[in-house]
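S.K.: Show me the folded form of this:
(chains A and B, ligands or ions: 3)
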Amino acid sequence: MPALQTSTQAVDNIFLFIVAISVALLAGIVITMLWFVVRYSRTRNTEPEDIEGNLLLEIVWVVIPLIIVMAMFFYGWQGFRFLRTVPPNALPVKAFGQMWQWSFQYEDGRTENILTVPQGRPVKLTITSRDVVHSLFIPAFRVKEDAVPGMQTHLWFLPDTVGEYDLFCSEYCGTGHSSMITKVKVIPASDFDKWYAEGSAERKGEAKEGGRELLEKKGCLLCHTTDGTKKIGPTFRGLFGSRVTVVTAGKEHDIIADEEYLHRSVMDPQADIVKGYPPVMPPQKDNVSPKELEEIIEYIKGLK
Amino acid sequence: MNESGIQPGFYAAPGSRTGIFSWIFSTDHKRIGLLYLFSIFSFFAVGVCFGLLMRLELIAPGRTIVGPSTYNAFFTLHGVIMIFLFVIPGIPVSLGNFFMPLQIGARDVAFPRINLLSWWFYITGGLLALLSLFTGHGPPDTGWTFYAPYSIRTGTNVVLAVSAAFVLGMSSILTGLNFITTIHRMRAPGMTWFRMPLFVWSVYATAWVQILATPILGITLLLVIIERLFGVGFFDPAKGGDPILYQHLFWTYSHPAVYIMILPAMGVVTEIIPVFSRRTVFGYKAIAFSSMAIASVGYFVWGHHMFTSGMSDVARVVFSFITFIVAIPSGVKVFNWVASMYKGSIRVDAPLLFVLAFIFLFSIGGLTGLILGALATNIQVHGTYFVVGHFHYVIFGGAVFAFFGGLHYWFPKITGRMYNEKRARLAWLFLFIGFNALYFPMFILGWEGMPRRYYDYLPKFQPLNVVSTVGSWIVATGLILLFANLLRSARKGAAAGPNPWGGTTLEWQTSSPPPHENFGEIPVITQGPYIYNPSKGKGHGTA
Ligand code: HEM
Ligand SMILES: [Cu+2]
Ligand SMILES: [Cu+2]
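M.R.: Ligands and ions are numbered 1, 2, ... in the order given. All right, here's what the predicted structure looks like:
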């Protein structure tokens, strides 16, 4: 086998190897079976023959499959070793999963929701989760690793072709699981350097984020809207000061949506559930800082 | 005798109670077997409905019929019902309960009342699962795997669903205990271990898995309940717990549970092939030992569900290695089944049709398992529709097709009447074609990267999803045909006689349906079960 370059090759080689053998085995089994059914049908063969076994044959069909599966195991392991050996020059990026979006943090602290990487340089993702288990999956590069809270996992890949690739969450994580999708953007190395330098400069200016940006960035708008329509959760428009019917510990009652209520609804969403909505919102304690929350509440107040 | 010439058999022996009470309080293994049969297929029908609803939702991207929370509840309930209420009890509690004592020449199981108790546990668990739909903050939405910490944090009704699985586990343990004791203690005179029918061997191997593996599930689920109710941090890192620990505990049970589902099905297949080929099985001992090998090595491969979980790389390699080892005994069985048709005198009636389909579908399920077992390829397909395709091929195409084969094979013994062969073949055809249309596209979808448990998907995945949904309608038609035929034939079918297939195992030596205590006189066994050559004897048949 020629030396492997990319994770895609590493996985596809062994995939084709197993599929080829499997198709041959399946064809062998099915053709033999059908041939017996036709050749020894009761109309053709009225006198059956009792054959209780054949030791040699039985040894052969244990040993040969054993050799085949050991080869599969071995090649699978070889490919896996390649997938787990991170090249030393890899670009380090931290990946965070949280309900229900991904964020990627570069070395200078710049944080993005889309993973932009330079063509031709290996990328190492160090992955963790801020709430439940997620799994970071980029089918085009044949890589996947779970994002586990309280733990760091990793994967690497070589983005060898410019383009945009899907990035999915592949471990079930609740209501928004199937919308926890983003892109890997592979751009030419020189573009990347420019893009990266610009980002760093912007960060120095430290543009403060407003409530609107926070709602987007923290993932609130995956389930809530600001235009008055219902999504998975209630809308923010006209919420402040309105009368809301909530279910608290199984009992229904009305509540005025004041600052305290908004505060509680973000930090401890299961305390009061708005009637008619599923109790699916995750607590945001680890996601939203107290200062950010103030900013968000100010913004919601303004949505009349 | 009634006007059709069929003796009522055990149906005329309701015990001291009447009506439905003669069933739900009966300690007769045959009545309990049928009670279970109706119970599990009722839940199966519910599970199928959830499956069809999911496929309907997935016919197009975006919202089609329900929202994401409802969809998530659908696949959770579909999984919980199909796994815990249908396939795990499955063949052992229904066909096993009815036929295992008959096949070993016993009058009942060792503990008839525990047998009844296990049905009561089963039905309690089933009702708890249904109750979890309508109470608390919405139906559970965790998937049947209840992964922590999501299952700890979600606001939905997890505690009740988990309690249901816990109670069902107790039912499973009691059945296992009962069957092991029965097979050890109640065999007819002369029925040595290697003269037992291979269906009995498979039920025996399964029973060991039931009693050894199920307690681990019980403890795991109890820990989830304790963590949810009292905030003790076992699994949620926010409370100092470890989510990977949950996965280890869960799969330590749930991989062996796969063998609870498939081993009895393999037993049914091994019964049907010799009868319809009119020759002995090829490699009796190889088949018996491979059941036991699967049941024992199967405990050590659970980590193959966790190759991307963050478990150590060394552990991943070891689990992959053992996974490939455990593939061998299953392969051996397939070769033995095919060889058991060599130089036979084969008639392809509906039971054998289901068996042939089983061999084909189960082989595909097993071979795709090799792709999942190899470390490099697992990374791509883990957590995708490839897995959904793989386990439906193994469990539905394998276990359930064999179950259907067994239902047709033993139908005349259970009811005393014959099913309609033409309609049975038609149902088979619909099921076989529909099945492949429903599940084969999932392998491609998964390889292309569509994750499982996805309410919504990218437009590029739509064409194959449409094929799959249309397949689900064909399967549904096949299922309706199959059950309509069996239910109708149970009342209107022609009298079948005691041994319509010319079988050589003991259940065919008594009348159809069997009398209350199975045999007038307990037979004495002098040979192995599958002997069709008249010059060599008659198997377990009376000489
Ligand atoms: C007409 C019959 C069936 C249909 C249409 C069907 C359809 C499906 C679909 C589409 C999924 C994937 C859901 C998702 O990942 O979003 C699924 C999952 C599943 N199915 Fe089926 N299925 C059927 C029969 C069965 C049978 C007979 C069994 C087992 C005996 C079974 C066991 C399961 C299990 C365990 C899952 C996983 C649920 C989870 O992810 O938590 N299904 N089914
Ligand atoms: Cu997810
Ligand atoms: Cu497994």
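S.K.: Quick one: residues contacting B:T70.
M.R.: For B:T70, no residue meets the contact criterion (C-beta atoms under 8 Å, 6 or more residues apart in numbering or on different chains). In short, each C-beta sits where N, CA and C put it, glycine included.
S.K.: where along chain A do the helices fall?
M.R.: Using DSSP state H, the helices assigned to chain A run over residues A:7-39, A:55-84, A:189-205, A:211-217, A:259-267, A:290-301.
S.K.: Show me what counts as buried in the first one.
M.R.: It stands for helix A:7-39. A:7-15, A:17-19, A:21-22, A:25, A:29-30, A:33, A:36-37 (16 or more other C-beta atoms under 10 Å in any protein chain shown).
S.K.: Wait, B:W208 touches B:A295, no?
M.R.: Yes. At 5.6 Å, B:W208 counts as touching B:A295 under the criterion of C-beta atoms under 8 Å.
S.K.: Neighbour count for those two, which is higher?
M.R.: Ranked by neighbour count (other C-beta atoms under 10 Å in any protein chain shown), B:W208 and B:A295 place B:A295 first, with 24 against 20.
S.K.: Check for me that the more buried one belongs to a strand.
M.R.: No. Per DSSP: H, G, I helix; E, B strand; the rest coil, B:A295 lies outside any strand segment and is helix.
S.K.: Ramachandran angles for the residue lying closest to it once chain neighbours are set aside?
M.R.: Using C-beta to C-beta, 6 or more residues apart in numbering or on different chains and skipping residues adjacent in sequence, the residue nearest B:A295 is B:A205, 4.1 Å away. Backbone torsions of B:A205, given as degrees, to the nearest 10, read phi -60, psi -40.
S.K.: B:A205: how many residues sit nearby?
M.R.: B:A205, neighbours per other C-beta under 10 Å, totals 26.
S.K.: For whichever residue of the stretch 101-250 of chain A sits closest to chain B, list the residues it contacts.
M.R.: Going by C-beta to the nearest C-beta, chain B is nearest to A:P139 of the stretch 101-250 of chain A, at 2.6 Å. With contact taken as C-beta under 8 Å, 6+ apart, A:P139 is in contact with A:Y165, A:D166, A:F168, B:Q380, B:E448, B:G449.
S.K.: Report the spatially nearest residue to the residue in chain A that ligand 1 sits nearest to, omitting neighbours in sequence.
M.R.: Going by C-beta to the nearest ligand atom, ligand 1 is nearest to A:Y172 of chain A, at 7.2 Å. Once flanking residues are discounted, A:Y172 sits nearest to B:R453: 4.3 Å by C-beta to C-beta, 6+ apart.
S.K.: Also B:P451?
M.R.: Among residues not flanking B:P451 along the chain, A:S170 sits closest, at 4.0 Å (C-beta to C-beta, 6+ apart).
S.K.: And A:H154, by the same measure?
M.R.: Leaving aside its chain neighbours, A:H154 sits nearest to A:T126 (5.1 Å; criterion: C-beta to C-beta, 6+ apart).
S.K.: In this structure that neighbour contacts A:L155, no?
M.R.: No. Counting by C-beta under 8 Å, A:T126 stays clear of A:L155, with 9.0 Å between them.
S.K.: quick one, which of the two is more surrounded?
M.R.: Per other C-beta under 10 Å, whichever of A:T126 and A:L155 has more neighbours is A:L155, with 23 against 16.
S.K.: Test for you: state the pLDDT assigned to the more buried one.
M.R.: With respect to pLDDT, A:L155 scores 94.
S.K.: Quick check: B:T154 touching B:P139?
M.R.: No. The criterion here is C-beta under 8 Å, and B:T154 misses it with B:P139 at 10.9 Å.
S.K.: Please enumerate residues in contact with stretch B:306-324?
M.R.: With contact meaning C-beta under 8 Å, 6+ apart, stretch B:306-324 is reached by A:69-70, A:72-73, A:76-77, A:80, A:84, A:135, A:144-146, A:148, A:151, A:153, B:244, B:247-248, B:251, B:297, B:300-304, B:370, B:373-375, B:378-379, B:382-383.
S.K.: Name the residues of that stretch that come out as buried.
M.R.: Under 16+ other C-beta under 10 Å, the buried positions of stretch B:306-324 are B:306-311, B:316-317, B:319-324.
S.K.: With respect to B:M191, which of the residues you listed is nearest?
M.R.: Nearest to B:M191 among the buried residues of stretch B:306-324: B:I322, at 34.5 Å, using C-beta to C-beta.
S.K.: Over to that closest one. Which of the three states is it?
M.R.: Note that with three-state DSSP, the state of B:I322 is helix.
S.K.: where's it relative to B:H255, distance?
M.R.: 11 Å (C-beta to C-beta, to the nearest Å).
S.K.: residues shared between the contacts of those two?
M.R.: B:V301.
S.K.: rewinding a little: in contact with the residue nearest to A:H154: list those residues for me.
M.R.: A:P92, A:V93, A:K94, A:A95, A:Q152, A:T153, A:H154.
S.K.: List only buried entries from the residues you listed.
M.R.: So, of the contacts of A:T126, A:V93, A:K94, A:A95, A:T153, A:H154 end up buried under the neighbour-count rule (16+ other C-beta under 10 Å).
S.K.: so the residue nearest to B:P451 touches B:Y385, yeah?
M.R.: No. Between A:S170 and B:Y385 there is no contact under C-beta under 8 Å: 10.3 Å.
S.K.: shared neighbours of those two, which are they?
M.R.: Counting by C-beta under 8 Å, 6+ apart, the common neighbours of A:S170 and B:Y385 are B:P451, B:R452.
S.K.: mind showing which ranges of the chain have poor pLDDT?
M.R.: Let's take chain A. In the predicted model of chain A, residues A:1-3, A:200-209 satisfy pLDDT under 70.
S.K.: that answer is for a different chain, and I need it for chain B
M.R.: In chain B the weaker segments, taking pLDDT under 70 as the threshold, are B:1-5, B:542-543.
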